[in-house]
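Visitor: Build the 3D model from these lines:
(chains A and B)
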Amino acid sequence: MSILKRIFGVSEFGLLVSLVVIFSFFSISSKYFFTVRNISNILGQISLPLIAGVGFSILLISGEVDISIGSLQAVVALPLLVIMNATGSFLLGALAAILLGAAVGVINGLLVTKLKINSLITTLGMYYTLRGAVYLITKKVAIADDSESEIFFLIGNGKLYHFLPYSAILMFVILLFFIYIMKNTTYGRRIYAVGGNAEVARIMGINVERIKFSAFILCSILASVSAILLASRLGSANHLAGQGFEFQVVAAVILGGVSLSGGVGTLLGTFIGVFIIGIIQNGLGMMNVYTMWQLIITGVIIIMAVAIDELKKRHE
Amino acid sequence: MVRTSSMLNDIILQIRGVSKEFPGVKALDNVNLSIRKDEVHALVGENGAGKSTLIKILAGVYTRDEGEIIFENHPVIIHSPADSLRLGIKVVFQELALIPHMTVAENVFLESFPLKKNKAIDWDKMSQKTDEILKSIGLSISPKDKVNKLTVSQQQMVEIARALSHEAKLVVMDEPTSALTPKEIKFLFDVIRKLKTLDIGILYVTHKLEEVFELCDRVTVLRDGKLISSRNIKETNTDEVVKDMVGRSIKTLFPKTHVGKGKAVLSVENLSTEKKLKDINLKVHSGEVVGIFGLLGAGRTELAKAIFGLDAITEGNVFIDGQELRSGSTSHSTKMGLGLLTEDRKEEGLILQMSVAQNITLPSIKDFSTFGFIRRKLEAKSSNEFVQKLRIKTPSLRQKVMFLSGGNQQKVLLARWLMKKLKVIILDEPTRGIDVGAKAEIHRLIDELAKVGLAVIVMTSEMPELLGVSDNIFVMSDGRITGEFEKRSATQENILAAAIS
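Guide: Numbers count the residues shown, from 1 in each chain, chains lettered A, B, ... in the order given. Below you'll find the predicted structure:
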């Protein structure tokens, strides 16, 4: 009884049901959907939005937002490819990409916590600035990978036992690590406190600005990790990379139950949210639904899911 | 028979056997209540007694599960706030429902603007009618004033004016005096008495019994969702009503078991802030309760925030055990053993979406963790101890704190600081909006805090509380300290004299 109650009581339960329903629907509708090959594909596809989504969720729970992550994906791929091409070392390139990402996070964080500029505005500015910088630097020509680094190719394209994508392994490691952090560390608790009510958190002696600042950096770093995977898939640093990525992540994270106003949400929810959107897009593709319809259906499902959640809350 | 019918005509509202259930709680259980059209009827009861549920049913926010509501001799069903207004019921909630950027006249006629023939708003008529209503209640503001420029008291009057514009027959007021100065309260009472002469029934919901006896004609007591008594004011007294409210008589409202003061722990020297405070000096010793009294706007809350480091200090210093606090750094203050319980529980106290346990351990979470990893079992065990010790009523430690009653929320906040093992605690209006029974428990806890050696500061605007809990009293007025009294020499008169100086 109490176990059942706990399972039903979990806030992600409703989402989980939707996931199962949608999954079953596609499994019945398309004979190609529920196959080893396709499941493997889905896991690979969701690894990018999920890795970035973990950081994005944490930032959102802390009460701030960062919509520059799509542009960031394009920017950090530049040092990655340039350094890799020059030195042949994937590690050096990846390090440079992540450092650049962290630097952008520092700038976003400083603007928001020190100058007190609204984070939506700050990162909207960053969204344009970074994209412009990529156009300027690349002159709209992609930088191809000449390094012949095997790791670089495998990290985005390789699969363990021809089934489990390496990117998905990375995704699960990052997800589980941060689920643990959010649940079991003082840092996680403080993120929730700061996003739940910053004024109270301050009275509790929490350094609100420092926590938010760290969340900005975390978000940018994880977005940079997803950028490395994207570059590996594309085999290049492309000036168009990551366009619209921020909204894909926002949609999945909100669907997963993270509140736009902060303080509420879990990374398990984020995982399910990303997963649902992933299988919808994949499943509709399998059923040969036109892209425009795919977009419309995805949009409708997001609004419906959030509406249902809102109704449920009101009922409580 | 004749007598019954004439009585029926006098009765504007009759509630018969009304019940309302929420998951796990029977908020109202077979409640009866009748209100005559020329009386002020007090509704009292502890938090969670069902007062709010009852007025929300009248306001159309909730619908009843069972029972009848008879308004002007007709059974009615109130589905929405619009239904309630249409019938002639106007509920003035604590959080006023005005649109701040609109004018007084616009707010008064918000639900039904007077129109010209061509369906455009008749501004002249609206202004003129509003002016008439404002004058009839003796309020000297212009219909063209923006509402956000008015005082709380004036805004409340705008709500009453709105009731009059609707020709309301029943006005329900929920704790209307909680944010008013004594002068404003007097004015409010005059207006309420005026409403009474206009044959408007008034349901007056309050915690303050002295108001009940000053203003009301009858008093109805609810406890645990049930009707306990309805009495004529002239035939009852405070003790009787309190007994009905708590179901027991409160022997010692202000227990005092702490003895003697130790060394000075907190000292504030020449403190001034940009906003309000001027040259504040005070010392608080361990094991001592210092009461700070002041009327609204005297600067009590500002002083609490400045000492704690929330507001910047322009001059002067704050010391704990001889060590200076860094102004503007709350993390330093808490590290030094200073805690603040703010006046506004919801905005500046609790994190509503978090659980009871998480709220309790928030400032002391470090004590439950090694290298930043929380030991959750230890956390649960410890918070459970405090839940038991303070008798916090909650179904579980995981319950979100937003679902607790006001008194229990306040206990969660006290548990938080008790757990943290502080040296100094500042309590800003610790019993505001809390019922009599829970108040006594909070006072007991304040005594407990002093007993274990804390230096306690209680900021309050309630005279009985001030005199009851404090060993030493400071009085503030306009940002300054205007009086200091030892317990023995303190009287209501000399305290009030200092407060208005």
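
Visitor: How about the contacts made by B:Pro363?
Guide: By CB atoms under 8 Å, 6 or more residues apart in numbering or on different chains, the residues touching B:Pro363 are A:204-205, B:334, B:339, B:416-417, B:420. For every residue, glycine as well, the C-beta is placed using N, CA and C.

Visitor: So which of those residues is the closest to A:Val274?
Guide: A:Val274 lies nearest to A:Met204 out of the contacts of B:Pro363, by CB to CB, at 32.1 Å.

Visitor: just to revisit the earlier point, show me the contacts of B:Pro363 that map onto strands.
Guide: B:Gly339 (DSSP state E).

Visitor: Narrow the contacts of B:Pro363 to those in helices?
Guide: B:334, B:416-417, B:420 (DSSP state H).

Visitor: Filter those residues down to the buried ones.
Guide: The neighbour-count test (16 or more other CB atoms under 10 Å in any protein chain shown) marks B:334, B:416-417, B:420 as buried among these.

Visitor: Looking at those residues, point me to the pair that's furthest apart.
Guide: Checking these with CB to CB, the most distant pair is B:Thr334 and B:Arg416, at 11.0 Å.

Visitor: re the thing from before, which of the buried ones among the ones in helices among the contacts of B:Pro363 come close to chain A?
Guide: Among those, the residues within reach of chain A (CB under 8 Å from any CB of the partner chain) are B:Thr334.

Visitor: Please name the nearest non-neighbouring residue to the closest residue to chain B within the stretch 101-250 of chain A.
Guide: Nearest residue of the stretch 101-250 of chain A to chain B, counting by CB to the nearest CB: A:Gly205, 3.0 Å away. Spatial nearest neighbour of A:Gly205, excluding adjacent residues (CB to CB, 6 or more residues apart in numbering or on different chains): B:Thr334 at 3.0 Å.

Visitor: Quick check, pLDDT for that neighbour.
Guide: pLDDT for B:Thr334: 87.

Visitor: residues contacting it?
Guide: A:204-205, B:363, B:420.

Visitor: Any stretches of chain A with poor pLDDT?
Guide: Applying pLDDT under 70 to chain A flags the ranges A:1-11, A:309, A:312-313, A:315-316.

Visitor: Get me the contact residues on the stretch 101-250 of chain A for chain B.
Guide: A:184-187, A:189-190, A:192-193, A:196-197, A:199-207.

Visitor: now do 6 Å
Guide: A:184-186, A:189, A:193, A:196-197, A:199-200, A:202-205, A:207 (CB under 6 Å from any CB of the partner chain).

Visitor: can you put the residues you listed in JSON lines and add secondary structure and neighbour count?
Guide: Formatted as JSON lines, these follow (DSSP: H, G, I helix; E, B strand; the rest coil; neighbours: other CB atoms under 10 Å in any protein chain shown):
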{"residue": "A:Asn184", "secondary structure": "helix", "neighbour count": "16"}
{"residue": "A:Thr185", "secondary structure": "strand", "neighbour count": "17"}
{"residue": "A:Thr186", "secondary structure": "helix", "neighbour count": "18"}
{"residue": "A:Arg189", "secondary structure": "helix", "neighbour count": "23"}
{"residue": "A:Ala193", "secondary structure": "helix", "neighbour count": "27"}
{"residue": "A:Gly196", "secondary structure": "helix", "neighbour count": "25"}
{"residue": "A:Asn197", "secondary structure": "coil", "neighbour count": "24"}
{"residue": "A:Glu199", "secondary structure": "helix", "neighbour count": "15"}
{"residue": "A:Val200", "secondary structure": "helix", "neighbour count": "26"}
{"residue": "A:Arg202", "secondary structure": "helix", "neighbour count": "22"}
{"residue": "A:Ile203", "secondary structure": "helix", "neighbour count": "24"}
{"residue": "A:Met204", "secondary structure": "coil", "neighbour count": "26"}
{"residue": "A:Gly205", "secondary structure": "coil", "neighbour count": "24"}
{"residue": "A:Asn207", "secondary structure": "coil", "neighbour count": "18"}
